[in-house]
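1. sequence and predicted structure are below.
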Amino acid sequence: GNSVTQMEGPVTLSEEAFLTINCTYTATGYPSLFWYVQYPGEGLQLLLKATKADDKGSNKGFEATYRKETTSFHLEKGSVQVSDSAVYFCALFRGDSNYQLIWGAGTKLIIKP
Amino acid sequence: DTGVSQNPRHKITKRGQNVTFRCDPISEHNRLYWYRQTLGQGPEFLTYFQNEAQLEKSRLLSDRFSAERPKGSFSTLEIQRTEQGDSAMYLCASSFVGSNQPQHFGDGTRLSIL
């Protein structure tokens, strides 16, 4: 079946550090891949997406590349800020009979000034 | 684009009561989804609509849960005879049709059962 595995959190970094949050997936075919971010007390916001192999999604300094050979979609940012503290979710979507997003468990990111 | 709107933001009720939540999707979106999220977990799919048709329901959705989207616009999620285990954040999302169309989420309704 389809599944998403994320690195466990919390991940604690100092401001301006480099960020990587690992995400790997299991799926047949060619799923679309997404990163969502959830700030405390709020809903989920789409951060970036990629719909085919080797696509790079980017937004607000975050990037992730769809790697089919390693079934990965790792999230990266070169220099994090305190305001990036949130929970990050990796998800995949297959537009087949399920029509639902398959979610990772989320990774809590804490940025210290 | 006013985004997905959910009401109320918070609902506190006694066990055994019925509750109803409302979701107003982005107006051009055909699809509407309901999820449930508990603390420290990712969202769990409950059900989704394409226009007014409810096309899929999760096994998580017991008989006490019912969702409607009568005119293909807003949707309601009702929980009857609430139980402690129903305490969670209920999230609504909407999207266009298509496997690469992202889902846009509202801020959720947090349900607390006393």
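-> Perfect, I can see it now.
2. what sits closest to the most centrally placed residue in chain B if chain neighbours are left out?
-> Nearest to the mean C-alpha position of chain B, counting by Cα atoms, centre = their mean, stands residue B:34 at 3.2 Å. Spatially, and ignoring its direct neighbours in sequence, residue B:34 is nearest to residue B:46 (4.3 Å; Cβ to Cβ, 6 or more residues apart in numbering or on different chains). Every C-beta, even on glycine, is put in place using the N, C-alpha and C of the backbone.
3. what is the neighbour count of the one you found?
-> For residue B:46, the neighbour count with other Cβ atoms under 10 Å in any protein chain shown is 21.
4. same thing with the one 5 residues further on?
-> Counted with other Cβ under 10 Å, residues neighbouring residue B:51 total 13.
5. next: residue B:87.
-> 17.
6. who in chain B is up against chain A?
-> Contact residues (Cβ under 8 Å from any Cβ of the partner chain) of chain B with chain A: B:4, B:6, B:31, B:33, B:40-43, B:45, B:48, B:55-56, B:91, B:93, B:98-100, B:102-108.
7. which positions in chain A make contact with chain B?
-> A:31-32, A:34, A:36, A:41-46, A:49, A:51, A:89, A:91, A:93-101, A:103-106.
8. now the one helix or strand residue A:108 maps to: buried residues?
-> Using DSSP states H and E, residue A:108 falls within strand A:107-112. The neighbour-count check on strand A:107-112 (16 or more other Cβ atoms under 10 Å in any protein chain shown) flags A:107, A:109, A:111 as buried.
9. which elements pack onto it?
-> Packing partners of strand A:107-112 (3 or more Cβ pairs under 8 Å, 6 or more residues apart in numbering or on different chains; DSSP states H and E): strand A:11-14, strand A:19-21, strand A:86-93.
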